[in-house]
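Participant: give me coordinates for this.
(chains A and B)
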Amino acid sequence: MRKRSRKIVARIIGRLWRLFRRWLFLMFSFGPMPQHIAFILDGNRRYAKKHNLKMGAGHTVGFNSLVAVLRYCYELGVKQVTVYAFSIDNFRRKPEEVKGLMALMKEKIDELLDEDTIVHKFGLRINFWGCLHMLSEPARAAAERAMAATANNTGPVLSVCVAYTSTDEILRAIKKSCSKKTAEGCLRFTGDPVRDGACGAIAVADLEENLDSADCPDPDILIRTSGETRLSNFLLWQSTLTHLQNPLPLWPEFSLRNLIWAILEYQRVYPYLEARRRSLAKKHN
Amino acid sequence: MLSSLHLNPTLNYATLNYSATLLPLRGSRRRTRRNGANESLVSTAHPARQYPSLSASLAPAREVEERKEEALLPPHLRPESLPRHVAVIMDGNSRWAKARGLPSSAGHEAGYRTLKKMVELSCQWGIRALTVFAFSSENWTRPKMEVDFLMTLFENVLKEGLGEFVREGIRICIIGDSSELPQSLQKLAKEVVDKTKNNTQIDLIVAISYSGRKEITQACQNIAQKVKDGLLEPEDITESHIEEELETNCIPEFPNPDLLIRTSGELRLSNFLLWQSAYTELFFTNTYWPDFGEADYIEALTSFQNRQRRFGQRIN
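Facilitator: You can find the predicted model right below:
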């Protein structure tokens, strides 16, 4: 009986909390809202050390934190969220840690595709950016399954960067651009001056359309948790006008309060950022 | 002002300009912590000890120089953990001028004076390279009067400063799309780069009409040209090929900045050194650039010193 009444109370509190969140997010939506937020999920291991958890447990807590933050973002109306889950540099860590992370990745990707998760609630489309062939076979297969299963969803987008570095992304874009131009015959002299002259040099737009983030607007905010102030090879090309933030909490400690503060900061600088974007757009037109 | 200098221990002593042997040996020993383990390194590394007669005549002068060097570096900064390459986005000149009711040209002139001071301090403290963002490709959309003033300012700075660059051993590199600059400035820039190319005390890279994305695209075009010439296949392109083609390769030893400072409270990169700042520590300050002084620079370097750089790995 007491268990039942506790469940009822919990459900009521849950509903009240969701109502309060909806009202709060409605208030925010009167100001400019970011369309794309990027996260560097830094601080999982430090969290585990701080709370005397075993190795790998920090990442599990970090994943739960990620799901909560994603829910808040999509409730706020953010259309794109990009997260830096695993860098190519992270392969240089201890083999058992890398193995554990690959196994966790596979488990959590499969979990996301279950019923009753945010993927189904919001109609999420999931992308994986990076060198997927560097992942372990089960993780890679899970990633491809997730992309295939959500390819036709029309809701917000979650882009997960695994086995990713921005310099590698740009390198692959350059290789693709050169290969394309070679295939078009632009990079071989055919002896025909008309044909040689018709192919233009590689432009900024050519590179941009070959990046992993080709169909995604640049991030409005880039949040790196645990207070570190560097990009660590994440979205270097895309973050030219991105508002960079580095809140002190470790990633598992990043909560709704921190997200709200991040958005308030963005709204404060928005007029200046927008003026810069408009003058840039004027220059390109 | 630059009578004694800290030089990076990785600097090849053989390349020091000993045609200046008429001058006292300039700070050719890197300040290190005084402990037994390091004393031997110091004694063998000193170039003058290879030339006993020279070292004998200059011994008293050298000790005075060493004591002066110790005094020059601020007390809590450790020379071994200073960044070798610092990049600066000199933001806030116009806002500084507006706050004082002055025209923006006054802000840019004040900004130039701050830059001079920063170059002096960097030389004193042994920072080997300094890259400054003087004019972005997006700045061409500013009012014509301001743009013309800036172009004139750059010309005057290069013309009048050439003597000092040569005297103080500053090597100038200019990066950016020079085709958009006035002809006279292009010519002068080439001349200054040429005349200072053998200087070794500090490398000063000035980014004028620069865009990080365009730099990477230009590198891509250069690589595409190599592919066209049959020197390279698209699938063999690596990150090193790209890095060789970037303009910051004018300092091949450390093209990537260790620390990037942006003034005036703006928290973004604004298309500056995108590729190169992959692992750069970022430091943001609310101070406007003309007000950025020695104390602010020390604060930035102290913050850099206290950071733990892991490059994606774990440090236990």
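Participant: in the stretch 51-200 of chain A, what residue is nearest chain B?
Facilitator: Proximity of the stretch 51-200 of chain A to chain B (C-beta to the nearest C-beta) peaks at residue A:89, 2.5 Å away. To be clear about C-beta, it is placed using only N, CA and C from the backbone, and glycine gets the same treatment.
Participant: okay, and residue B:207 sits in which element?
Facilitator: strand B:202-210 (DSSP states H and E).
Participant: with just CA atoms, put the next helix or strand after that strand into CSV.
Facilitator: With elements assigned by DSSP H and E, the helix or strand that comes after strand B:202-210 is helix B:212-228. Extracted C-alpha coordinates of helix B:212-228, given in CSV (Å, rounded to 0.1, in the frame of the first residue of the first chain):
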residue,chain,number,x,y,z
GLY,B,212,41.3,30.0,-41.8
ARG,B,213,38.9,28.3,-44.1
LYS,B,214,40.5,29.9,-47.2
GLU,B,215,43.9,28.9,-46.0
ILE,B,216,42.9,25.3,-45.8
THR,B,217,41.1,25.5,-49.2
GLN,B,218,44.3,27.0,-50.7
ALA,B,219,46.3,24.1,-49.2
CYS,B,220,43.8,21.8,-50.8
GLN,B,221,44.3,23.5,-54.2
ASN,B,222,48.1,23.2,-53.9
ILE,B,223,47.6,19.5,-53.2
ALA,B,224,45.2,19.2,-56.1
GLN,B,225,47.9,20.8,-58.3
LYS,B,226,50.3,18.1,-57.1
VAL,B,227,47.7,15.4,-58.0
LYS,B,228,47.3,17.1,-61.4
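Participant: helix or strand next in line after helix B:212-228, which one?
Facilitator: helix B:239-245.
Participant: contact partners of that following helix?
Facilitator: A:167-168, A:170-171, A:174, B:216, B:218-220, B:222-223, B:226, B:232, B:249, B:255, B:275 (C-beta atoms under 8 Å, 6 or more residues apart in numbering or on different chains).
Participant: tell me the mean pLDDT for that helix?
Facilitator: For helix B:239-245, mean pLDDT is 91.
Participant: how about that helix as CSV, C-alpha atoms only?
Facilitator: Output in CSV follows, covering the C-alpha atoms of helix B:239-245 (Å, rounded to 0.1, in the frame of the first residue of the first chain):
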residue,chain,number,x,y,z
GLU,B,239,47.6,15.3,-42.8
SER,B,240,51.3,16.1,-43.2
HIS,B,241,50.8,17.0,-46.8
ILE,B,242,48.1,19.5,-45.7
GLU,B,243,50.3,20.9,-42.9
GLU,B,244,53.1,21.5,-45.3
GLU,B,245,50.9,23.6,-47.5
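Participant: give the buried residues for that helix.
Facilitator: B:241, B:242, B:243, B:245 (16 or more other C-beta atoms under 10 Å in any protein chain shown).
Participant: try stretch B:288-299
Facilitator: Neighbour-count burial for stretch B:288-299 [16+ other C-beta under 10 Å]: B:288, B:289, B:290, B:291, B:292, B:296, B:297, B:298.
Participant: just the C-alpha atoms of stretch B:95-103, please, in PDB.
Facilitator: C-alpha atoms of stretch B:95-103 as PDB (Å, rounded to 0.1, in the frame of the first residue of the first chain):
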ATOM      1  CA  ARG B  95      35.100  49.400 -28.700                       C
ATOM      2  CA  TRP B  96      38.000  50.800 -26.600                       C
ATOM      3  CA  ALA B  97      37.900  54.000 -28.700                       C
ATOM      4  CA  LYS B  98      34.100  54.300 -28.600                       C
ATOM      5  CA  ALA B  99      34.200  54.000 -24.700                       C
ATOM      6  CA  ARG B 100      36.500  57.000 -24.700                       C
ATOM      7  CA  GLY B 101      34.700  59.000 -27.200                       C
ATOM      8  CA  LEU B 102      37.500  58.600 -29.700                       C
ATOM      9  CA  PRO B 103      37.400  57.600 -33.400                       C
END
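Participant: drop anything exposed from the contacts of helix B:239-245.
Facilitator: Here, 16+ other C-beta under 10 Å leaves A:167-168, A:170-171, A:174, B:216, B:218-220, B:223, B:226, B:232, B:255, B:275 buried among the contacts of helix B:239-245.
Participant: how about those in CSV, adding distance to residue B:101 and pLDDT?
Facilitator: Shown next, in CSV, are the buried ones among the contacts of helix B:239-245 (distance: C-beta to C-beta, whole Å; pLDDT from 0 to 100):
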residue, distance to residue B:101, pLDDT
A:167, 45, 93
A:168, 50, 94
A:170, 45, 93
A:171, 50, 93
A:174, 49, 90
B:216, 41, 92
B:218, 41, 91
B:219, 44, 92
B:220, 46, 90
B:223, 50, 90
B:226, 54, 88
B:232, 57, 85
B:255, 41, 90
B:275, 40, 93
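Participant: any chance of CSV for these, columns distance to residue B:139?
Facilitator: Shown next, in CSV, are those (distance: C-beta to C-beta, whole Å):
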residue, distance to residue B:139
A:167, 26
A:168, 31
A:170, 24
A:171, 29
A:174, 27
B:216, 19
B:218, 19
B:219, 22
B:220, 24
B:223, 28
B:226, 32
B:232, 35
B:255, 24
B:275, 21
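Participant: of all these, which comes closest to residue B:143?
Facilitator: residue B:218 (27.9 Å; C-beta to C-beta).
Participant: neighbours of residue A:279, how many?
Facilitator: Residue A:279: 14 surrounding residues under other C-beta atoms under 10 Å in any protein chain shown.
Participant: give the closest residue to residue B:83 in space, chain neighbours not counted.
Facilitator: residue B:258 (3.5 Å; C-beta to C-beta, 6 or more residues apart in numbering or on different chains).
Participant: which residues are in contact with that neighbour?
Facilitator: Contacts of residue B:258 (C-beta under 8 Å, 6+ apart): B:83, B:84, B:85, B:86, B:280, B:281, B:304.
Participant: ditto for residue A:157
Facilitator: Residue A:157 touches A:79, A:80, A:81, A:124, A:125, A:126, A:127, A:216, counting by C-beta under 8 Å, 6+ apart.
Participant: same thing but 10 Å
Facilitator: Counting by C-beta atoms under 10 Å, 6 or more residues apart in numbering or on different chains, residue A:157 touches A:36, A:74, A:78-82, A:124-127, A:150, A:215-216.
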